[in-house]
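A.B. asks: Fold the following, please.
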Amino acid sequence: MKAVFLDRDGVINELIYYAEHGIVDSPFTVEQFRLLPGVAQAINIFHKSGFKVIIASNQPGMAKGHMSQESFDKIRQKMKQELAKEGAFLDGEYYCFHHPEATTETLRVNCQCRKPRPGLLLQAARDLGIDLSQSWMVGDSLSDIKAGKDAGCRTILLGRMKCELCHLMDEEDARPDLIVSNLLDTAPILLTERKEVEMKQPNDERDTIATLEKRIAILTGARLRNKRKIKEAILVQDKLRKKSIGWDGAAEIRKWRDLRCLS
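C.D. replies: Alright, predicted model coming up:
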């Protein structure tokens, strides 16, 4: 069994700006909870592609004294209700409530479940029989990517990549397999898990560029910027392989590790 693990805040729902503290954080009340566009649609596509969909999220709001258990439960209930309106559902929810600066001693724990540690994913795999090597972790922070990699999953980072983050990714061993702008953009990538993507053998270099560029655009659901550099990166990788391939889109994109830094 394979799964898509999702961080919650910033992936499923909007983050909230708290002006009094100058921070962006999770919603602390049910009134603040807003489902992000396309999330329910993406979850439905994941299920149709044979994936379980599981939340794996740090939720230190109670540990920091920002919210009560009742507020957290109401937010969870609203999330499920909003998803259900579009026929979507979750197969599991795994949360870490600990924090090293918790106001209560019981939650001030050096735990194994708080991301970037992989405990939430490992526990879900044990409980639900998940094959982590066939699964994905999708999140909007490097701690999500680190947890996914250490659990043995492939990883997708949501948000626009800035090249100044590249060295941080390498230092933390948290370089994602792919970067897309939002959760719905991951759906075409995971659809390739169900079937092979056929590609005719290119007749010349121009055909190679056009075909690969088109495939990447379809699979990532994103427009390619700075196309000249991307074409050069594609050609270099294509020449290194020195042969035509039966193209598995997601697998091949993962080989182009410098591609995401060029746009």
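A.B. asks: which of the residues in stretch 63-76 are buried?
C.D. replies: Ala63, His66, Met67, Ser71, Phe72, Lys74, Ile75, Arg76 (16 or more other CB atoms under 10 Å). In short, each C-beta sits where N, CA and C put it, glycine included.
A.B. asks: which one of those sits closest to Thr155?
C.D. replies: Thr155 lies nearest to Arg76 out of the buried residues of stretch 63-76, by CB to CB, at 24.7 Å.
A.B. asks: and that closest one, what does it touch?
C.D. replies: Residues in contact with Arg76, defined by CB atoms under 8 Å, 6 or more residues apart in numbering, are Glu93.
A.B. asks: Assumed it was part of a helix.
C.D. replies: Yes: judged by DSSP: H, G, I helix; E, B strand; the rest coil, Arg76 forms part of a helix.
A.B. asks: Can you report how many residues neighbour Asp144?
C.D. replies: Neighbours of Asp144 under the rule other CB atoms under 10 Å: 28.
A.B. asks: Wait, it touches Ala151, no?
C.D. replies: No: the criterion here is CB atoms under 8 Å, and Asp144 misses it with Ala151 at 10.8 Å.
A.B. asks: okay, and the common contacts of those two?
C.D. replies: Met137.
A.B. asks: these two touch, right, Val4 and Leu191?
C.D. replies: No: taking CB under 8 Å as the definition, Val4 is not a contact partner of Leu191, at 11.9 Å.
A.B. asks: The two: which has the busier surroundings?
C.D. replies: Val4 (25 against 18).
A.B. asks: picking that back up, in the buried residues of stretch 63-76, find the pair that's most separated.
C.D. replies: Ala63 and Lys74, at 18.0 Å, using CB to CB across the buried residues of stretch 63-76.
A.B. asks: What are the phi and psi values at Ser133?
C.D. replies: Backbone geometry at Ser133, expressed as degrees, to the nearest 10, gives phi -70, psi -20.
A.B. asks: Which residue lies closest in space to it, excluding its sequence neighbours?
C.D. replies: Gly152 (5.3 Å; CB to CB, 6 or more residues apart in numbering).
A.B. asks: shouldn't the one you found be in contact with Asp131?
C.D. replies: No: Gly152 lies out of contact with Asp131 (CB under 8 Å); the separation is 9.1 Å.
A.B. asks: Looking at these two, which is more packed in?
C.D. replies: More neighbours surround Gly152 than the other of Gly152 and Asp131, with 16 against 12 (other CB under 10 Å).
A.B. asks: rewinding a little: pipe the buried residues of stretch 63-76 into TSV and attach distance to Phe33 and pLDDT per row.
C.D. replies: TSV is the format used below for the buried residues of stretch 63-76 (distance: CB to CB, whole Å; pLDDT from 0 to 100):
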residue	distance to Phe33	pLDDT
Ala63	19	84
His66	14	87
Met67	12	88
Ser71	10	94
Phe72	11	93
Lys74	9	96
Ile75	5	95
Arg76	9	95
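A.B. asks: quick check, nearest of those to His21?
C.D. replies: Taking the buried residues of stretch 63-76 together and measuring to His21 by CB to CB, the closest member is His66, at 9.5 Å.
A.B. asks: pretty sure that closest one is touching Thr29, no?
C.D. replies: No: counting by CB under 8 Å, no contact exists between His66 and Thr29, whose distance comes to 9.8 Å.
A.B. asks: where are the low-confidence patches of the stretch 151-263 of the chain?
C.D. replies: 160-172, 193-263 (pLDDT under 70).
A.B. asks: hmm, try it at 90
C.D. replies: 159-182, 185-263 (pLDDT under 90).
A.B. asks: Closest to Phe51 out of the buried residues of stretch 63-76?
C.D. replies: Scanning the buried residues of stretch 63-76 for proximity to Phe51, where the rule is CB to CB, the winner is Arg76, at 21.0 Å.
A.B. asks: ok, now how distant is the closest one from Leu121?
C.D. replies: 19 Å (CB to CB, to the nearest Å).
A.B. asks: what do you get for Gln32?
C.D. replies: From Gln32 to Leu121 the distance is 27 Å (CB to CB).
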